[in-house]
Structure formats: structure tokens, C-alpha cells
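In: any chance you could fold what I've pasted below:
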Amino acid sequence: MGLPTFDFFLKKETPCELLARGDGHGSFILVAYGQAQPPRDRVRLHNQAVADIHYVVSISEIVPGFEELPLPLPNTEVGLHSVTDALGSYVLWPRALVRLSDEVSGKADRKGKKACSPQEGRRDEVEKENVFMAKCPLITEIEVVQGLSSLCFWLHECASDVDDEAIIEIQLSHHQFHYFEDTSTFISKVDIKEFLCGEELNVSMIQTFMRLLYKSLIASSEPMFGWLCPSIVRDDSCLRNKREVKEYLNASLKACSRLGYKIILLPYIEMYAS
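Out: Predicted structure coming up:
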């Protein structure tokens, strides 16, 4: 199962779901529907600064019961305090609380129909509860999400759309890492979350990065980079399988030399470092 496509850099007005924090830790509530606007030259909206961590959104429909919910960024200067005040207008909404869903986007593509009309947008409570579960952000700490770089935020949005129990398989070429045959590494949502939160860098994430870098550089006319697998030469593997690791290093380094590689990339992971 691969990651879904997510266009962080909006090129056109895009249907969206607007969320707010729920009562429980890590819970989010769908409060409104609208349209996220692509970045423009303007740096202010209603005299408010438009930061990278916000989308400019127009609100087209409010979920019943949330009409008087305070806006995440109210603007007293123009009288925008609640979600109802912003109906039909443009406001700032934290990107971490904006969901660009395929379901809503599909409705927007139908000629002559709005992204989510009041009639189409009504869902019973059970359906809404299912939507909340499916679209819960990977990281629930808004401050952490807002501190992510644009590319890390893209990764966060992709991972948020993956099923919680899903395991993502990444193919690893034997040509790159000098295996006897092609193999795979596997990434979970937990691995991605730990990476984005700065808690842990799993070896599978490093292998995936190396794989992407390899594919990016392989088009080069002159071979320059050799690659050794960080999973094979990690310190715990060296302690348990000294002979196998030594054989792998000897064979791989000879292959890199034979192929004319000038630089060899080998991330080394210390699991048992004191």
C-alpha cells in the first residue's frame, strides 16, 4: 500500500473540511465545510498576517450545533468572532485543522455543483463519527504540526490518510544495496509519527530516504555514489553476526570500487550506544 497523493502547494481553490479540537486528548470535530485558497501574493487578510501555518478558507456550510463556535483566529476589527460570522466570508484557519479530502474534492469536480451543499453535506451522527475517526491527524499536538517544514507537513498529511493498522511496503533494489536479490522494508504510521516528532528515527525510514535519493541520482551520467544497507551494519547486527557483516562489507566495497563509485553512503545506527 502506497502513500496517497497530497498536493501541499495548492494550485486552485480546493474543497476542505474544517476541524476543531474535541473534548478528549487527540480528538477532533468536523465543524464546517469550505474552500481552501491557493497561496497568493497577498500577505494579509482583513489586516491579519497570512502565515505559512494557515490556510485562507471560505466557509460555505456549518455543521449543525457549531454555529457559535469561536473561530481559531477571530478578527474583532471586522467582526469575525464565530463560525457563523465567517459564513460566506474568508478567514484564516490553521493548516493542521484543515482536511483536503478526496471525498469532498470529488464533489467539487462535478460541473454545476458546489463542493458540499447544505443538502448534500448533512450526515447523521454515526456517519460524522466515522469521518472524524478516518480523518484524525497523525499528530494531535497542533504546536508540533505548525512547526513542521512544508515537506514534513506534506508527509504528515499523507500519513494521516493511511489506515492506522496499515504497513507500507517499500521495495529495495539489490542493485543499490548489493543484496543477493530484491527485498523490502516496511514503515508504519508510528514510524512516521516518531520521525516527525523527533522522537526516533527508525532504520526503515533511513532506507526509504536512501531509496528515494538513489532513484533521484541514478539518472546521472557518471556513477558517483555507492550505497550500503544501514540495517545490515547496525551495531546490534555487528554484535550478533560479525562474520556475515564482514562478508557483506567486503563484497559491497569491492563492488562499489569496481563500479567506479567515488562516494559511499553508509548511515550507521547505534542501538546500544552508552
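In: state the distance from L148 to H81.
Out: L148 sits 29 Å away from H81, going by C-beta to C-beta, to the nearest Å. For every residue, glycine as well, the C-beta is placed using N, CA and C.
In: can you give me the strands for this structure?
Out: 14-21, 28-36, 44-45, 48-49, 54-62, 70-75, 80-82, 90-94, 98-99, 167-172, 183-188, 225-227, 263-265 (DSSP state E).
In: adjacent strands (with direction) for the third one?
Out: Think strand 44-45. Pairing partners of strand 44-45, with direction, according to DSSP bridges: strand 48-49 (antiparallel).
In: neighbour count for L148 and H81, which is higher?
Out: The residue with more neighbours, out of L148 and H81 and counting by other C-beta atoms under 10 Å, is L148; that gives 19 against 14.
In: just checking, the more buried one touches L196?
Out: Yes. Counting by C-beta atoms under 8 Å, L148 does reach L196; the two are 6.4 Å apart.
In: overlap of the contact sets of those two?
Out: H156 (C-beta atoms under 8 Å, 6 or more residues apart in numbering).
In: re the thing from before, any idea which of the strands of the chain gets closest to T208?
Out: strand 167-172 (5.0 Å; C-beta to C-beta).
In: next, count neighbours for S252.
Out: Around S252 there are 21 other residues, counting by other C-beta under 10 Å.
In: go on, P64?
Out: For P64, using other C-beta under 10 Å, the count is 8.
In: number the residues from 122 up from this point.
Out: Fine by me, first position is 122 from now on; the one you just mentioned is P185.
In: L269 versus C318, what's the distance?
Out: According to C-beta to C-beta, C318 and L269 sit 10 Å apart.
In: before we move on, back to that, for the strands of the chain, which one sits closest to I263?
Out: Comparing the strands of the chain by their distance to I263 (C-beta to C-beta), the top pick is strand 211-215, with 6.5 Å.
In: what residues sit buried inside the closest one?
Out: Buried residues in strand 211-215, counted by 16 or more other C-beta atoms under 10 Å: 211-215.
In: ok, those vs P191, which is closest?
Out: Distance to P191, by C-beta to C-beta, is smallest for V212 among the buried residues of strand 211-215, at 11.5 Å.
In: which residues of the chain fall in helices?
Out: Assigned by DSSP state H, the helices in the chain fall at 223-229, 239-242, 246-255, 263-267, 271-281, 295-298, 310-317, 324-338, 356-361, 363-379.
In: residues making contact with the longest one?
Out: In other words, helix 363-379. Against helix 363-379 from outside (C-beta under 8 Å, 6+ apart): 298-299, 347, 349-350, 353-354, 358-359, 385.
In: please apply the same query to the fourth one.
Out: By C-beta under 8 Å, 6+ apart, the surrounding residues in contact with helix 263-267 are 142, 174, 215-218, 258, 260, 274, 277, 317-318.
In: from those residues, pick the one nearest P191.
Out: The nearest one, if we look at the contacts of helix 263-267 relative to P191 and count by C-beta to C-beta, is R142, at 11.4 Å.
In: what about the closest one, how many residues nearby?
Out: 14.
In: might one say that it is in contact with F149?
Out: Yes. If you go by C-beta under 8 Å, R142 and F149 touch, sitting 6.4 Å apart.
In: what's the overlap in contacts for the two?
Out: With C-beta under 8 Å, 6+ apart applied, the contact sets of R142 and F149 do not overlap.
In: residues contacting P195?
Out: For P195, the contact set (C-beta under 8 Å, 6+ apart) comprises 201-203.
In: can we see that at 6 Å?
Out: 201-202 (C-beta atoms under 6 Å, 6 or more residues apart in numbering).
In: swap in the one 3 residues further on?
Out: With contacts defined as C-beta under 6 Å, 6+ apart, the neighbours of E198 are N168.
In: show me where pLDDT drops low in the stretch 172-321 of the chain?
Out: For the stretch 172-321 of the chain, applying pLDDT under 70 flags the ranges 173, 222-257.
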